[in-house]
Every structure is written in structure tokens, then in C-alpha cells.
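Engineer: Need a 3D model of the following:
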Amino acid sequence: MFRAKLPFFMLAMALLFSSYRLFAFDDWQPISPEELKMTVDPAHPADAIILYHEETADDMTRHRYVYKRVKVLTEKGKDRGTVEVPFDAARVGIADIRARTIAPDGTITPFTGKAFNSTIVKTHGLKYQAKTFALPNVQVGSIIEWKYTEYWDEFLRAPRWTVQDDLFQKRAKFTFIPFSKSGHYVVDGRGDIKDRVYYTLIGLPENTAIKTTVNDHLELELKDIPAFEEEEFSPPADMLRMHVNFYYGTAKMSKPQEFWKGEGKYWSKEADKFASQSAAISAALSQTISASDSAEQKTRKIYAFVQKIKNLNFTNEESWLEERLRRESKEKRTLEDVLSKREGHRDEIARLFLAMAHAANLQAYLMRVADRDEVFFQPIIPDDNQLTSEIVIVMIDGKEVFLDPATPFCPFGHLAWQHNSTQGIRQTPDGGTAVAQTPGADYKEAISKRVGRLVLSDDGNVKGKIGIAWAGQEALVHRLSSLKTDVAGRKKELEDELKALLPSGAIVQLDASNGWDDPEAQLTANFSVEIPSYASIAGKRILVPRDLFQTHSRTPFAHGDRKNPVYFNYPYYAMDETTVTFPATFHLENITESQPLRTDYSFYKVQHASTGNSVTISRDFAMAGIGFQTKDYPELRKFYASVATGDSEPLVLTVAK
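Structural biologist: Predicted structure coming up:
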């Protein structure tokens with residue numbers, strides 16, 4: 001995102017031009033008889049299809065115009081009558097929403113209601129704001145269409161065309177009108193003149209071409225665009241959909257290596273300047289470490305100190321924008337401000353750690369990485385917006401230790417999962433920068449232990465206690481989630497999480513939870529549970545599920561085909577131990593032990609032990625990989641199917657003779 005230098009009269013002209021565009025944009029395209037008569041297409045069976053999709057991104061007026069026309073083909077397709085327009089509320093606004101419904105007989109019903117702000121949650125827990133509205137009189141065979149204007153102030157926004165939708169598209173047209181005025185130019189915060197536009201095409205067919213028109217508009221027209229099918233356990237959908245990224249840049253952006261070299265140099269210089277030494281840093285350090293401390297002791301003490309700084313990124317939904325604007329503003333916050341107020345944004349806290357480490361004569365280097373819950377860093381794309389968070393690397397006893405001081409509750413020596421197995425730019429010992437990789441995560445650093453003690457009645461119901469302990473990455477995820485809610489909200493989240501693991505109808509009550517404030521300790525939660533009809537009664541037999549936590553019993557990869565890579569957030573290790581005490585009038589039949597399963601990336605084992613009228617089932621499951629190509633899917637699917645088979649084998653109780 002770059003600033004454009006425009007005098008006042010140019011802004012006025014832009015506003016006039018904007019008004020004209022809005023008026024023209026209000027015209028609707030004619031409806032053809034073929035569109036009204038259209039029914040389900042056997043070649044593209046779907047509940048609805050997009051007949052036409054058009055977007056125009058205009059950096060001359062700072063507006064983006066979006067139009068969609070959708071044909072409803074089935075009863076389920078009528079759900080498309082409720083429209084969500086996602087947008088970045090911290091950066092842009094939505095205006096001039098127009099919509100209408102065309103019945104199969106051609107009758108037109110305009111939308112006259114209001115659009116409401118809502119929050120939508122997508123894959124990986126990412127949240128977006130949206131304008132939501134419902135079109136009137138939507139029937140099977142209806143055509144619904146809507147248009148709106150996205151607007152912003154001051155900044156230019158070279159667009160990102162998301163070409164692919166979750167519906168098949170008959171036709172689509174995308175246009176970009178770059179900023180271009182004689183005697184005026186685009187300049188970024190460091191004074192570099194961006195005198196050209198670049199773009200990258202991701203996922204589109206090889207013969208796809210963007211055309212430059214006589215007035216230097218960039219256009220792309222496509223037909224018969226396949227629907228994007230979102231699958232469970234996939235990378236972020238925005239990375240997989242066909243899309244085109246645009247950038248304002250200089251000649252060096254044509255060579256990504258040169259771009260990242262220059263970007264790294266500028267970023268490193270700016271970071272070191274921000275983290276420069278001061279009396280406040282020295283004073284804070286003198287109260288934190290001792291002269292006799294080893295390098296590791298100094299590092300740990302500084303880490304513990306900065307972790308206590310209030311992290312504004314985890315207390316405010318829009319604080320990431322505040323952080324960026326503060327970095328770009330002329331009145332930047334200093335480390336003295338962070339220390340005096342005991343609060344700061346994510347990058348400020350990471351740089352405070354760096355400054356204190358340097359003051360303690362530690363070898364420490366900053367690294368800026370891509371958060372892989374949102375984006376996978378692609379060095380061939382010259383866009384520094386891919387890099388979103390800063391971590392620190394410290395040399396201790398000849399070994400580089402990667403630290404995440406700006407993530408609250410992150411244990412020393414660990415990284416939040418978004419920062420493991422990712423890439424970015426790091427400072428190097430020779431004073432330069434380089435594209436680098438962060439360490440991969442270990443499944444033993446994300447452990448959950450679940451223990452159930454259940455009493456089974458002769459009618460198949462159970463009551464009992466369940467205790468859960470989380471360590472490492474599993475505990476960190478829960479602690480970070482707790483920052484966004486209060487005690488009551490945290491209680492509900494834990495109860496809902498356990499309910500999702502148990503059979504339908506389970507009654508769950510949280511008794512206690514501990515360890516929320518100590519990142520080095522286990523996080524624990526204890527529950528009282530009741531599960532009606534937990535066991536099935538078949539004559540003189542009772543069939544007891546072997547796996548209490550039944551989400552494991554279903555295979556997550558039931559389909560034989562896979563279109564997208566398989567992607568887990570992080571490797572993990574789950575250990576379950578369930579003891580079921582049953583009525584003395586029953587006895588346990590012989591148990592068929594499942595054979596352990598082991599691959600290069602996973603492990604599964606179930607064992608049983610019985611004493612008197614109780615049986616204990618122990619289950620270990622480890623997934624050490626996070627990414628699998630579609631060619632690896634059959635083997636992965638086979639492993640999970642074998643796990644599901646092992647979990648679904650019930651324990652059999654019979655009436656004692």
C-alpha cells in the first residue's frame with residue numbers, strides 16, 4: 001500500500017469523477033430469456049451458478065465496484081438469497097449496495113431493506129466483518145443480482161483479484177485502473193518512487209493473459225471458471241483460489257532476489273533504529289538481569305520481562321492496523337513509551353526484547369515472518385505485506401534459539417504455531433539480511449492428555465469425571481483464546497469444546513480450570529459429565545464404545561478423491577485414558593487388541609486392561625506432519641481409515657451367569 005501525492009484540486013476532481021462512476025454503476029444489465037429459462041446443467045450440477053461477475057478496482061478514485069448475477073437452481077440454492085459482503089472494516093467502507101430479485105416470469109422485486117454488519121468465521125478461525133442482507137422473493141429459477149462500492153481514503157490499494165468463487169462462473173471480467181497522472185507519482189513511506197505496475201497470476205491456466213487497453217487499464221476476461229471446493233484440513237482458502245496480485249513498484253521488483261535484498265536492508269535499518277539503546281533500556285535491564293548471569297539466564301529473564309508487557313494486538317480486534325499506521329506515521333512510539341506505559345503492539349514488544357538483548361551483550365537478531373494461518377510466504381512475489389510478525393533469534397552456547405517474545409504465554413524456546421515451519425527475512429551475523437526458514441514443530445511440543453472415569457449403569461447411561469491437560473502448543477492456543485473473553489466465556493468455550501468431543505446429548509459441567517497464567521505449566525480443566533445412552537443394549541449384551549472422545553472415531557478423509565493439499569495447523573500428540581466401571585452383574589468378553597499403526601509421520605496404539613468390573617482403555621495418537629500433497633492423500637486416508645476401524649470396535653459386556 002503506497003501513498004499518492006495529490007494536490008487538493010486533484011482530490012476534488014477525483015471526487016467528481018467518483019460521483020460519475022457511481023451513477024453509471026447503478027445501471028443494471030438486461031436479463032436474457034436464456035438466463036430466465038436456465039435449469040440445472042448436468043455438466044456443472046450445482047444449487048446455483050454465477051452468470052456474470054464483474055469487478056473494477058479504480059485507484060484514481062479510490063473505489064472498487066463489484067457486481068454479481070446468480071441463478072438459483074434448487075431449493076438449497078435459495079440460501080444464496082442471503083448475501084454476505086466481506087470487507088476489511090479497519091481499512092475500507094462499503095456503500096451504495098443495490099440488489100434485486102428477478103422471478104422466473106421476469107417480475108423484478110428490488111431490495112429495499114438494510115444491510116447489517118456481521119462477523120463471519122472462516123477456515124482456521126479467521127474472522128471477517130461483512131455487510132449482510134437478504135433479497136426478497138427468492139424462488140427456484142430466480143435470478144438474484146447485487147452490486148456495491150468499496151471505498152477508502154488516502155492510500156492506494158493495488159488490488160487482489162480473487163478470480164475463483166465457490167460457485168461455477170459462466171463469465172467474469174476484472175479491471176484495474178492504476179493511479180496515473182501526468183506530473184504526479186506514487187511514493188512509499190521511504191521515498192521510493194513506484195513508477196510501474198506488476199502482477200502475479202496464481203493458479204490460473206497457463207494461457208491466461210491480462211490485457212492492457214489503450215487507456216492503460218488492465219483487464220482480464222474469463223469464461224467457465226470452475227467452482228472452488230473448500231475441503232476440511234486444507235491450507236487457507238485464499239491461498240488456493242485462483243487469484244491475481246498487483247503491486248506498484250520499481251524496476252528492481254522484476255528481480256525478486258533484488259527486491260528482498262533491498263526490502264531486508266530497509267527493514268533491518270528501521271528496526272535497529274527503533275531498538276536503539278537508551279537510558280530507559282539500561283534502567284530496565286539493570287533491574288532484570290545480574291552481571292553474573294549466563295547467556296541463557298539473561299535471555300530467559302529478559303524474555304520473562306517483556307512477556308509481562310501488555311500486548312495490544314491481543315486485546316483489540318483492529319490493533320494490527322493501529323500498529324501498522326503507527327509504524328508509518330511521523331510521530332512514532334518509542335521504546336521509552338512502551339516501557340513507561342507497560343504496553344505495546346506485537347512488533348514493538350519484539351523489538352524491546354531485541355534492544356534489551358543487545359544491551360546485555362547477547363547476539364540477537366530480528367526476523368520478520370509470514371503467519372501461515374493467513375499466508376504462505378512466496379519469495380518469488382515481491383510483496384512485503386506477506387510478512388506480518390517479528391520474532392527474535394538469540395545465540396546461546398553456540399546455538400541459535402528462536403523465540404517468540406511478542407506472543408503472550410508463549411513458552412521460552414517455542415514459537416506460536418503460525419511462526420513454525422514458515423519463512424521470512426532475518427538479520428544475519430554479518431549485518432545483512434537473508435530469506436530464511438523457521439524451525440519445524442515437534443509433535444511432542446503439542447500434547448493433550450484426556451482422562452475419563454465413568455460409571456456405567458445397566459440402562460446404558462454413564463456419569464463421571466473427565467480431566468484434560470494441555471501442554472506446549474495446545475496450551476498456548478487455549479491461553480490466547482482466553483484473552484478474547486472473560487471467565488464466563490472461557491468456561492463456555494471449554495464446555496463446548498468437550499461437548500464436541502463427546503457423543504451427542506452429553507451434559508458437561510466445568511468444575512475447575514488452572515494454569516492460565518503460567519506459560520511453562522500445564523493447563524488443566526476438570527469436568528463432571530453425564531452421557532445418556534452411551535452404551536447400546538442388545539438383548540443380554542451391552543456394547544460400550546471403545547473411544548470416549550468420538551471425534552476420533554470418524555475418518556476425516558472419507559472421500560476417495562482430494563483436490564487440495566492436506567494441511568494441519570501443527571503436529572500434535574493426543575493421549576486418552578478412559579476407565580469404565582460397569583455393573584457387577586455383567587462381565588467383559590474377550591477383547592480383540594488392535595495392532596499398532598505406524599508410518600513415517602504418524603502413530604496409533606490402543607491397549608486395554610481390566611480389573612474386576614472395570615476396564616481401562618488407553619489410546620495414543622500422534623501426527624508429526626503438517627502438509628501433505630494430493631499424491632500422498634491415498635496413504636494418509638488409509639491410515640485414518642485404519643484408526644477409525646480400531647476406534648469403532650466396541651467393548652462387549654454380557655450378563656454374568
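Engineer: can you map out the strands along the stretch 351-500 of the chain?
Structural biologist: Under the criterion DSSP state E, counting those that start in this stretch, the stretch 351-500 of the chain contains strands at 364-369, 389-396, 399-403, 423-427, 433-437, 446-456, 462-472.
Engineer: Nearest to Phe377, out of those?
Structural biologist: strand 423-427 (4.1 Å; C-beta to C-beta). Heads up, the C-betas are built off the backbone N, CA and C, glycines and all.
Engineer: follow-up on the earlier one: make JSON lines out of the strands of the stretch 351-500 of the chain and add mean neighbour count.
Structural biologist: Listed next are the strands of the stretch 351-500 of the chain as JSON lines, based on neighbours: other C-beta atoms under 10 Å:
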{"stretch": "strand 364-369", "mean neighbour count": "23"}
{"stretch": "strand 389-396", "mean neighbour count": "22"}
{"stretch": "strand 399-403", "mean neighbour count": "16"}
{"stretch": "strand 423-427", "mean neighbour count": "23"}
{"stretch": "strand 433-437", "mean neighbour count": "16"}
{"stretch": "strand 446-456", "mean neighbour count": "20"}
{"stretch": "strand 462-472", "mean neighbour count": "20"}
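Engineer: And those: which comes nearest Pro571?
Structural biologist: Here strand 446-456 is closest among the strands of the stretch 351-500 of the chain (C-beta to C-beta), at 6.4 Å.
Engineer: Output the closest one in CSV with nothing but the alpha carbons.
Structural biologist: C-alpha atoms of strand 446-456 as CSV (Å, rounded to 0.1, in the frame of the first residue of the first chain):
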residue,chain,number,x,y,z
ALA,A,446,1.8,-30.1,21.4
ILE,A,447,0.4,-32.6,23.9
SER,A,448,-3.1,-33.2,25.2
LYS,A,449,-3.9,-35.7,27.8
ARG,A,450,-7.6,-36.7,28.5
VAL,A,451,-8.6,-38.9,31.4
GLY,A,452,-12.1,-40.2,31.9
ARG,A,453,-13.5,-42.0,34.9
LEU,A,454,-17.0,-43.2,34.1
VAL,A,455,-19.6,-45.4,35.8
LEU,A,456,-22.0,-47.3,33.5
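Engineer: Kindly confirm whether my reading is correct that Trp152 touches Ala90.
Structural biologist: No. The pair Trp152 and Ala90 does not pass the contact test of C-beta atoms under 8 Å, sitting 10.6 Å apart.
Engineer: can you list the strands of the stretch 351-500 of the chain in CSV and add mean pLDDT and distance to Trp417?
Structural biologist: Shown next, in CSV, are the strands of the stretch 351-500 of the chain (pLDDT from 0 to 100; distance: least, C-beta to C-beta, whole Å):
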stretch, mean pLDDT, distance to Trp417
strand 364-369, 98, 12
strand 389-396, 97, 12
strand 399-403, 97, 13
strand 423-427, 97, 15
strand 433-437, 96, 15
strand 446-456, 96, 8
strand 462-472, 97, 10
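Engineer: can you put these in JSON lines and add distance to Lys341?
Structural biologist: Formatted as JSON lines, those follow (distance: least, C-beta to C-beta, whole Å):
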{"stretch": "strand 364-369", "distance to Lys341": "22"}
{"stretch": "strand 389-396", "distance to Lys341": "20"}
{"stretch": "strand 399-403", "distance to Lys341": "23"}
{"stretch": "strand 423-427", "distance to Lys341": "27"}
{"stretch": "strand 433-437", "distance to Lys341": "30"}
{"stretch": "strand 446-456", "distance to Lys341": "34"}
{"stretch": "strand 462-472", "distance to Lys341": "31"}
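Engineer: For the nearest residue to Glu343 once chain neighbours are set aside, give me its contacts.
Structural biologist: Spatial nearest neighbour of Glu343, excluding adjacent residues (C-beta to C-beta, 6 or more residues apart in numbering): Lys310 at 3.9 Å. By C-beta atoms under 8 Å, 6 or more residues apart in numbering, the residues touching Lys310 are 342-344.
Engineer: closest to Ala538 among these?
Structural biologist: Using C-beta to C-beta, Glu343 comes nearest to Ala538 of those, at 61.8 Å.
Engineer: ok, back up a step: so for Ala304, which of the strands of the stretch 351-500 of the chain sits nearest?
Structural biologist: Among the strands of the stretch 351-500 of the chain, strand 399-403 comes nearest to Ala304, with 11.4 Å by C-beta to C-beta.
Engineer: Which residues in the helix or strand hosting Gln257 does the neighbour count mark as buried?
Structural biologist: Per DSSP states H and E, Gln257 falls inside helix 256-274. The neighbour-count check on helix 256-274 (16 or more other C-beta atoms under 10 Å) flags 256, 259-264, 266-268, 271-272, 274 as buried.
Engineer: before we move on, what about stretch 91-110?
Structural biologist: Buried, per 16+ other C-beta under 10 Å, within stretch 91-110: 92, 94, 97, 99-102, 109.
Engineer: Please export the C-alpha coordinates of stretch 514-531 as PDB.
Structural biologist: C-alpha atoms of stretch 514-531 as PDB (Å, rounded to 0.1, in the frame of the first residue of the first chain):
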ATOM      1  CA  ASN A 514      -6.000 -24.000  36.300                       C
ATOM      2  CA  GLY A 515      -2.700 -22.900  34.800                       C
ATOM      3  CA  TRP A 516      -3.900 -20.000  32.700                       C
ATOM      4  CA  ASP A 517      -1.200 -17.500  33.700                       C
ATOM      5  CA  ASP A 518       2.000 -19.700  33.700                       C
ATOM      6  CA  PRO A 519       3.200 -20.500  30.100                       C
ATOM      7  CA  GLU A 520       5.600 -23.100  31.400                       C
ATOM      8  CA  ALA A 521       3.000 -25.100  33.300                       C
ATOM      9  CA  GLN A 522       0.300 -27.500  32.100                       C
ATOM     10  CA  LEU A 523      -3.200 -26.000  31.500                       C
ATOM     11  CA  THR A 524      -5.800 -28.200  33.100                       C
ATOM     12  CA  ALA A 525      -9.600 -28.500  33.200                       C
ATOM     13  CA  ASN A 526     -11.800 -30.900  35.200                       C
ATOM     14  CA  PHE A 527     -15.400 -31.700  34.300                       C
ATOM     15  CA  SER A 528     -18.500 -33.600  35.500                       C
ATOM     16  CA  VAL A 529     -20.300 -35.400  32.700                       C
ATOM     17  CA  GLU A 530     -23.400 -37.300  32.000                       C
ATOM     18  CA  ILE A 531     -23.900 -39.200  28.700                       C
END
